[in-house]
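In: Here you go, sequence then predicted model.
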2 protein chains.
Amino acid sequence: MNIGEVSTHTGLPVKTIRYYEDINLIKPLRDNNGYRRFRDQDIHKLNFLGRARTLGFTIEDCRTLLALYEDETRASSDVKRVARDHLAQIDAKIADLKGMRQTLSHLVDACAGDDRPDCPILKDLGGKL
Amino acid sequence: MNIGEVSTHTGLPVKTIRYYEDINLIKPLRDNNGYRRFRDQDIHKLNFLGRARTLGFTIEDCRTLLALYEDETRASSDVKRVARDHLAQIDAKIADLKGMRQTLSHLVDACAGDDRPDCPILKDLGGKL
DNA sequence: TATAGAGTCTCCAGTCACTGGAAGGTAAAG
DNA sequence: CTTTACCTTCCAGTGACTGGAGACTCTATA
């Protein structure tokens, strides 16, 4: 398969696939004309990567997970640790965003949103409370 | 005030303050020795920026908000629009993260996390369900 | 007065995970 | 044969900083 077809199959942009080769996540073969030729295993890896990225894993996490995936003798505890750490990061981010959301929604509610200049949002940002 | 003292007062790193000058968010004066000299208004702006950034506004949003802050004839509706849009972005991000969290926590729970190689997390990522 | 240390300056490069675009070669369709 | 689509590499830009090099200035102590 050429890169365009792979892109269609995996849902990953062509640019992204090339990038993943650049950083050694995949190693497709090359045809005589220089075109990349993707085997089933390459496509499988790309799907793996796409799914992992969708779940928010960093590229380095993906590299680790892919290595564990290929290692038949892995311990599931190693996989679980990576996932649990990532879950903790997600929770931290959600908490952070919820904090912002809380403050911001109060401010938005308090703002008249009319033609007058008086504005509680700016008052808060300016430290005048 | 010199930059170090301003950093202490505002809680913003020295590097960040210089960066904000670079991108024209603030315009401190200069002493004869070339050191930046910050007036009260500069510090006030930096606090404004720090607070806005804490609430997750982008730098461009901050630029807009700062301009509105300085404009005595603004309409609060303009401020409110920026804030409401940002709030929508935050909500989208939270929803996205919650989706990840949901899937991921199920997988983490399902994984034994022991010495054996069998792992539902990798099974999911590999598309073998 | 000499000097050590802290503070400041500018400029360049790196982060993360792509994304866009230029310039050029190759393949398939009409 | 030409057009069009696809492929290649390489370079630069994104956002919001952050780190570091190399040089200058200020302050405190010996």
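Out: Done, it's in.

In: count of neighbours near A:D40?
Out: Using other Cβ atoms under 10 Å in any protein chain shown, A:D40 has 8 other residues around it. Where C-beta positions appear, they are placed from N, C-alpha and C, glycine not excepted.

In: try A:A67
Out: By other Cβ under 10 Å, neighbour count at A:A67 equals 11.

In: Also A:G126?
Out: Count around A:G126 with other Cβ under 10 Å applied: 18.

In: Please tell me I have it right and it contacts B:L66.
Out: No - look at A:G126 against B:L66 with Cβ atoms under 8 Å: they stay out of range, at 9.8 Å.

In: Any chance you could list residues touching both of these two?
Out: Common neighbours of A:G126 and B:L66, using Cβ atoms under 8 Å, 6 or more residues apart in numbering or on different chains, are B:F48.

In: State the distance from A:T8 to B:E70.
Out: 51 Å (Cβ to Cβ, to the nearest Å).

In: Repeat that for A:D78.
Out: In terms of Cβ to Cβ, A:D78 sits 54 Å off from B:E70.

In: in chain A, which spans are strands?
Out: Applying DSSP state E to chain A gives strands spanning A:29-30, A:36-37.

In: Just say which of these is most tucked in.
Out: Comparing those by mean neighbour count (mean count of other Cβ atoms under 10 Å in any protein chain shown), strand A:36-37 ranks first with a mean of 17.

In: I'd like to know which elements it is packed against.
Out: strand A:29-30 (3 or more Cβ pairs under 8 Å, 6 or more residues apart in numbering or on different chains; DSSP states H and E).

In: confidence score at A:L129?
Out: pLDDT, A:L129: 69.

In: Now do the domain split for chain A, please.
Out: A:1-72, A:75-129 (automatic domain parsing).

In: Distance to B:H86 added to those domains, as CSV?
Out: Output for the domains of chain A, formatted as CSV (distance: least, Cβ to Cβ, whole Å):
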stretch, distance to B:H86
domain A:1-72, 21
domain A:75-129, 7
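
In: Contact partners for the residue of chain A most remote from its centre?
Out: Centroid-distance maximum for chain A: A:R116 at 41.8 Å, with Cα atoms, centre = their mean. By Cβ under 8 Å, 6+ apart, the contact set of A:R116 is B:A75, B:S76.

In: list the contacts for A:R63?
Out: So A:R63 contacts A:L25 (Cβ under 8 Å, 6+ apart).

In: What separation is there between it and DNA strand C?
Out: To DNA strand C, A:R63 is 9 Å away according to Cβ to the nearest atom of the strand, to the nearest Å.

In: A:L12 now?
Out: 8 Å.

In: burial of that residue, as a residue count?
Out: 19.

In: That one reaches A:A52, doesn't it?
Out: No - using Cβ under 8 Å, A:L12 makes no contact with A:A52, being 11.8 Å away.
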